[in-house]
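Participant: I'd like to go over a predicted model; first the sequence, then the structure.
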Amino acid sequence: MSTFAVRCTGLTKRYGDIVAVDGVELAVQPGETLSIVGPSGSGKTTTLRLIAGFESVDAGEISLRGTVVSSSKAHVPPERRSVGLVFQEHALFPHKTVSENVAFGLHKLGSYERTKRMREALELVRLTHLEQRYPHELSGGEQQRVALARALAPNPEVMLLDEPFSNLDADLRARIRGEVKSILADAGVTVIFVTHDQEDALFMGNRIAIINDGRIEQTGTPEQVFHEPQTRFAAGFMGVADFLPAEYANGKVEMELGAFPMSGEDSGPCEVMTRPDDIELTRSTEGTATVLSRTFQGIWDLYVVELPSGAVVRAQRPHYERYEPGDSVRVSVAPHYVARCFAQADGKLMP
């Protein structure tokens, strides 16, 4: 049986009456990148701080490489966990050069080994030519890579990244996250990456853990959590989704856009998810739906369409299928569409 690089079992953290982390279960394989994604206040950063050792657990335990480092009875300090950290604000020392920043965590090593590790880390992030610069002389992307080099210099077995791209503009963000992913892959390190941004999570993670109200909603590959959400929250959080009222009975689900066969014997009121690429529009003077708005998105247009019931869906259509607000259209689902139903009672997938 393989040893997980990181394993959290029943992980719980309370602050007074507030349960910030509620029975979290996570298992990360060596060399894997796990993205933990959720809205503000969902417990993702608290989970990261618990794994790092900055917070003590109230219940459950954390194991690194098969050794328990946190439980209600034990707490190994952060400096003894072989964990590297990269924060949102980089936390570079402004009065130290790039090389001094990277070497900061290597003070227990001899001069030769310290310099060797520092240079190796700078080579990994491709910044050896800037080692005598100060942080204020660097771009935002270069500062990000210095912070990454500093965290990698001690050769940690696990890297923890807390919203590392949130302060970067859109163009720089896309470029830097590609560089960071490549650097971490070259280092062969296990990574836990925390973010509120779904696109960053899908790009960085081999697997995704969606967290909400301190609980893990779903864990899976990027494709699984997007195309096969297990809860209504996961469906709505990972990308644009609309939910139409429906009734599940007799092996099928019936909604305004049609009836669809389903497996299982569940029954009851539910909501059916559609994404914009699931919806097709047909121009028709006899159409029963009305285009409310159009948003230009380059090769695509995003339409908001009101159905006869008053329910609203979004449709992503090629730019040459031009509709205007007020147009009457027929609405149908694409041939690839697979209905996913979530129970109204608890938001869980049916059947």
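Facilitator: Perfect, I can see it now.

Participant: what's the helix or strand of the chain with the lowest mean pLDDT in contact with?
Facilitator: One helix or strand of the chain scores below all others by mean pLDDT, DSSP states H and E: helix 170-187, with a mean of 88. Outside helix 170-187, the residues that touch it by Cβ atoms under 8 Å, 6 or more residues apart in numbering are 33, 124-125, 139-141, 144-145, 148, 152, 159, 161, 164-165, 168, 191, 200, 203-204. Where you see a C-beta, it was placed from the backbone N, CA and C, and this is true even at glycine.

Participant: same thing but 10 Å
Facilitator: The contact list for helix 170-187 (Cβ atoms under 10 Å, 6 or more residues apart in numbering) reads 31, 33, 84, 86, 121, 124-126, 139-142, 144-145, 148-149, 151-152, 155-156, 159, 161, 164-168, 189-191, 193, 195, 197, 199-200, 203-205.

Participant: Filter the residues you listed down to the ones in strands?
Facilitator: Among those, the members falling in strands are 33, 84, 86, 159, 161, 190-191, 193, 195 (criterion: DSSP state E).

Participant: Go through these and name the one nearest A234.
Facilitator: In terms of Cβ to Cβ, no member of these lies closer to A234 than T195, at 15.5 Å.

Participant: For that closest one, give its distance to S166.
Facilitator: 8 Å (Cβ to Cβ, to the nearest Å).

Participant: if I look at the two, which residues touch both of them?
Facilitator: Q88.

Participant: okay, these two: which has more neighbours?
Facilitator: T195 (26 against 13; other Cβ atoms under 10 Å).

Participant: follow-up on the earlier one: just checking, which of the ones in strands among the contacts of helix 170-187 comes out lowest on pLDDT?
Facilitator: Among the ones in strands among the contacts of helix 170-187, V86 carries the lowest pLDDT, at 90.

Participant: so it sits right up against A151, yeah?
Facilitator: Yes: if you go by Cβ atoms under 10 Å, V86 and A151 touch, sitting 5.1 Å apart.

Participant: Need the overlap of contacts for these two.
Facilitator: By Cβ under 10 Å, 6+ apart, V86 and A151 have these common neighbours: 159-161.

Participant: Among the ones in strands among the contacts of helix 170-187, which one lies nearest to S56?
Facilitator: Here the nearest of the ones in strands among the contacts of helix 170-187 to S56, counting by Cβ to Cβ, is G84; it sits at 20.7 Å.

Participant: so who does the closest one touch?
Facilitator: Applying Cβ under 10 Å, 6+ apart to G84 gives the contacts 52, 105, 147-148, 150-161, 187, 189, 191.

Participant: Repeat the analysis, applying 6 Å as the threshold.
Facilitator: Neighbouring residues of G84 by Cβ atoms under 6 Å, 6 or more residues apart in numbering: 151, 156, 159.

Participant: would you list those residues in a markdown table and tack on neighbour count?
Facilitator: Supplementary listing: these in a markdown table, determined by neighbours: other Cβ atoms under 10 Å:
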| residue | neighbour count |
| --- | --- |
| A151 | 22 |
| P156 | 18 |
| M159 | 20 |
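
Participant: Below-threshold pLDDT in the chain: ranges please.
Facilitator: Filtered on pLDDT under 70, the chain yields the residue ranges 1-2.

Participant: Run through the helices of it in chain order.
Facilitator: 44-52, 98-103, 111-124, 140-152, 170-187, 198-204, 222-227, 232-237 (DSSP state H).

Participant: Can you lay out those helices as TSV showing distance to S267?
Facilitator: What follows is the helices of the chain, written out as TSV (distance: least, Cβ to Cβ, whole Å):
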stretch	distance to S267
helix 44-52	36
helix 98-103	61
helix 111-124	57
helix 140-152	52
helix 170-187	45
helix 198-204	32
helix 222-227	25
helix 232-237	18
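
Participant: of all these, which lies closest to A5?
Facilitator: Evaluated over those, closeness to A5 peaks at helix 44-52, with 10.7 Å, by Cβ to Cβ.

Participant: Would you mind pulling up the elements that that closest one packs against?
Facilitator: strand 18-28, strand 158-162, strand 190-195 (3 or more Cβ pairs under 6 Å, 6 or more residues apart in numbering; DSSP states H and E).

Participant: redo that, cut-off 8 Å
Facilitator: strand 6-15, strand 18-28, strand 33-37, strand 83-86, strand 158-162, strand 190-195 (3 or more Cβ pairs under 8 Å, 6 or more residues apart in numbering; DSSP states H and E).

Participant: so can I have CSV of the ones you listed showing distance to S70?
Facilitator: Formatted as CSV, the helices and strands packed on helix 44-52 follow (distance: least, Cβ to Cβ, whole Å):
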stretch, distance to S70
strand 6-15, 8
strand 18-28, 12
strand 33-37, 17
strand 83-86, 12
strand 158-162, 13
strand 190-195, 14
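
Participant: what about the ones you listed, which gets the closest to G258?
Facilitator: For the helices and strands packed on helix 44-52, proximity to G258 was assessed by Cβ to Cβ; strand 33-37 is nearest, at 32.2 Å.

Participant: residues in contact with the closest residue to P78 other than its chain neighbours?
Facilitator: Closest residue to P78 apart from its sequence neighbours, by Cβ to Cβ, 6 or more residues apart in numbering: G53 at 3.8 Å. Going by Cβ under 8 Å, 6+ apart, G53 touches 69-70, 75-78, 81, 83.
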